[in-house]
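A.B. asks: Structural data only, the sequence is not supplied:
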């Protein structure tokens, strides 16, 4: 029996629109060896189909929409489990809209029960102010993730967590913590795929999100130095991966043996 790979996307599989070649080689090997893999991402922007197409355009093969689980899905399903109300306003992209509709929410800008905040790089000051108005009139803030920064080919850019923090400060609310490094996204992903913590191994580039998720929840982790953090950050952050590799060409399949 082999464990299922739970692979991060940004900084692990690619940087922006730039493929990470060792990651493609890993996926090809997984297919060859019959190793199951899923993508667990804090990125809420894309639908599952858009995620698959995004990777295929970069040169990936063997990618299916049902292999993706993102923070938009986790946030919508978390809210549906914990609250009875079903009217939602959202700041985000197609992935957020799809997740809300699939979880049974009605999307509206008229007295919503929730304001979901996911990343949309086209949103502006007016859009943010409209969301704030709903929060100040009683809507509950649900941030999809707390990523401070995101890796891109030539450096980094603002992450959704920084936007959520802005709304928390402005509205005097605190969003529930749902996505990596917090347990709900892991629990909901495992439940959706019929897996347990012992069935998976987490792979990611971000010590504060990917590796911390496994570290805090008893899941084996592989830290790869292709994105946000480097191995010298391990000591300063106090987050210990089970395995540390420079790139995914160093991944060892014996780690997947149960």
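C.D. replies: Yep, that arrived. Computed from a prediction, not measured in an experiment: that's the story for all the values here.
A.B. asks: can you count the residues close to the residue nearest to residue 116 when sequence neighbours are not counted?
C.D. replies: With C-beta to C-beta, 6 or more residues apart in numbering as the criterion, residue 116 has its nearest non-adjacent residue at 4.2 Å, and that residue is residue 90. In short, each C-beta sits where N, CA and C put it, glycine included. Counted with other C-beta atoms under 10 Å, residues neighbouring residue 90 total 27.
A.B. asks: Residue 90 falls within a strand, correct?
C.D. replies: Yes. Counting by DSSP: H, G, I helix; E, B strand; the rest coil, residue 90 is found in a strand.
A.B. asks: Tell me the spacing between it and residue 130.
C.D. replies: 11 Å (C-beta to C-beta, to the nearest Å).
A.B. asks: who's in contact with the residue nearest to residue 116?
C.D. replies: Listed by C-beta atoms under 8 Å, 6 or more residues apart in numbering, the contact partners of residue 90 are 96-97, 100, 107, 115-118.
A.B. asks: Now the buried members of those.
C.D. replies: Burial by neighbour count, judged by 16 or more other C-beta atoms under 10 Å, picks out 96-97, 100, 115-118 from the contacts of residue 90.
A.B. asks: Is it possible to get CSV of the residues you listed that adds pLDDT and secondary structure?
C.D. replies: Shown next, in CSV, are those (pLDDT from 0 to 100; DSSP: H, G, I helix; E, B strand; the rest coil):
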residue, pLDDT, secondary structure
96, 97, helix
97, 97, helix
100, 98, helix
115, 98, strand
116, 98, strand
117, 97, strand
118, 96, coil
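A.B. asks: Now distance to residue 15 too, for these, in CSV please.
C.D. replies: As requested, the buried ones among the contacts of residue 90 are exported to CSV (distance: C-beta to C-beta, whole Å):
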residue, distance to residue 15
96, 23
97, 26
100, 28
115, 30
116, 26
117, 24
118, 20
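A.B. asks: which among those gets closest to residue 83?
C.D. replies: residue 116 (12.1 Å; C-beta to C-beta).
A.B. asks: who's that closest one bridged to?
C.D. replies: Following DSSP bridges, residue 116 is listed with bridge partners residue 90, residue 142.
A.B. asks: out of the buried ones among the contacts of residue 90, which one sits closest to residue 19?
C.D. replies: Set against residue 19, the nearest of the buried ones among the contacts of residue 90 by C-beta to C-beta is residue 118 (24.2 Å).
A.B. asks: List the contacts of that closest one.
C.D. replies: Here residue 118 is in contact with 44-45, 71-72, 75, 90-93, 95-96, 144-145, 160 (C-beta under 8 Å, 6+ apart).
A.B. asks: ranges for the strands of the stretch 1-150 of the chain?
C.D. replies: Using DSSP state E, counting those that start in this stretch, the strands assigned to the stretch 1-150 of the chain run over residues 4-7, 14-15, 18-19, 37-41, 68-70, 87-91, 106-107, 114-117, 140-143, 149-152.
A.B. asks: Output the contacting helices and strands for the last one.
C.D. replies: Contacting strand 149-152 under the criterion 3 or more C-beta pairs under 8 Å, 6 or more residues apart in numbering; DSSP states H and E are the following elements: strand 155-158.
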